[in-house]
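Student: Following is a predicted model, sequence given first.
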Amino acid sequence: MKRVLVPVDGSDCSLRAVGYVIGDRALCAAAGGYEVHLLNVQAPLPSDVTQFVGHAQVADFHRAESARALEPAEAALATAGVPFMSHAEVGHLGETIAQRADDLACDLIVMGAHGRGALAELLVGSIATRVIHLARVPVLLVK
C-alpha cells in the first residue's frame, strides 16, 4: 500500500490536490491501494506576539487554524469514501512537509501549485519549490 501526503492550507489550490487524489483512484492501485495523510502546517508566531501570549493560547490558536484549514479536505475525502488521517504541525512550511513525508514513510507528496508567475516566484519563493528540493520522494504538483 502506498502512502500519499497531501499538504492542505484550506485554499482552492490545496483542495484541487485533494480532488486529484480522490479522482485518480489508479494513482496507487498497482500497489494495492493508498493511504492518504492530510497535513496542515502552521507557521510559528513571531516572538513579539508569543512573549505576550501564553503557550496554551498559542497552541489553541494553532489547533483552531489547522482544524479550519483541514476541514474542507477532510469533508471531501469522507464524502468520497477515501480513508485518511489528519496531521497538524507548527513549523517552517517546506521543511515540515518534507520531514513529515519522511516520518510517515510516504511514497508521494501531492500538493497544489499556486501558479504564480516567474517574477513572483523569484521574489517570494515557493513552498512547492522548497518541498521539491527537500523531499526524498516524488512530488506531484496539481495546478
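Tutor: Perfect, I can see it now.
Student: contacts, neighbours, all on C-alpha from now
Tutor: Noted.
Student: residues near Leu141, how many?
Tutor: 20 (other CA atoms under 10 Å).
Student: worst-scoring helix or strand of the protein, pLDDT-wise?
Tutor: helix 118-124 (a mean of 50; mean pLDDT, DSSP states H and E).
Student: Does anything pack onto the very next helix or strand once past that one? Which helices or strands?
Tutor: As assigned by DSSP states H and E, the chain's next helix or strand after helix 118-124 is helix 127-134. When contacts are defined as 3 or more CA pairs under 8 Å, 6 or more residues apart in numbering; DSSP states H and E, helix 127-134 packs onto helix 93-103, strand 139-142.
Student: After the longest one, which helix or strand is next?
Tutor: If I follow you right, that is helix 93-103. Counting by DSSP H and E, what follows helix 93-103 is strand 108-112.
Student: Mind giving me the packing neighbours of that next one?
Tutor: Here strand 108-112 touches strand 2-7, helix 12-23, strand 139-142, going by 3+ CA pairs under 8 Å, 6+ apart.
Student: low pLDDT regions in the protein?
Tutor: 25-32, 49-51, 115-125 (pLDDT under 70).
Student: Most distant residue from the centre of it?
Tutor: Phe52 (29.3 Å; CA atoms, centre = their mean).
Student: how about Asp48, secondary structure?
Tutor: Under the three-state scheme (DSSP: H, G, I helix; E, B strand; the rest coil), Asp48 adopts helix.
Student: Of the helices and strands packed on strand 108-112, flag the one that's most buried.
Tutor: Comparing these by mean neighbour count (mean count of other CA atoms under 10 Å), strand 2-7 ranks first with a mean of 24.
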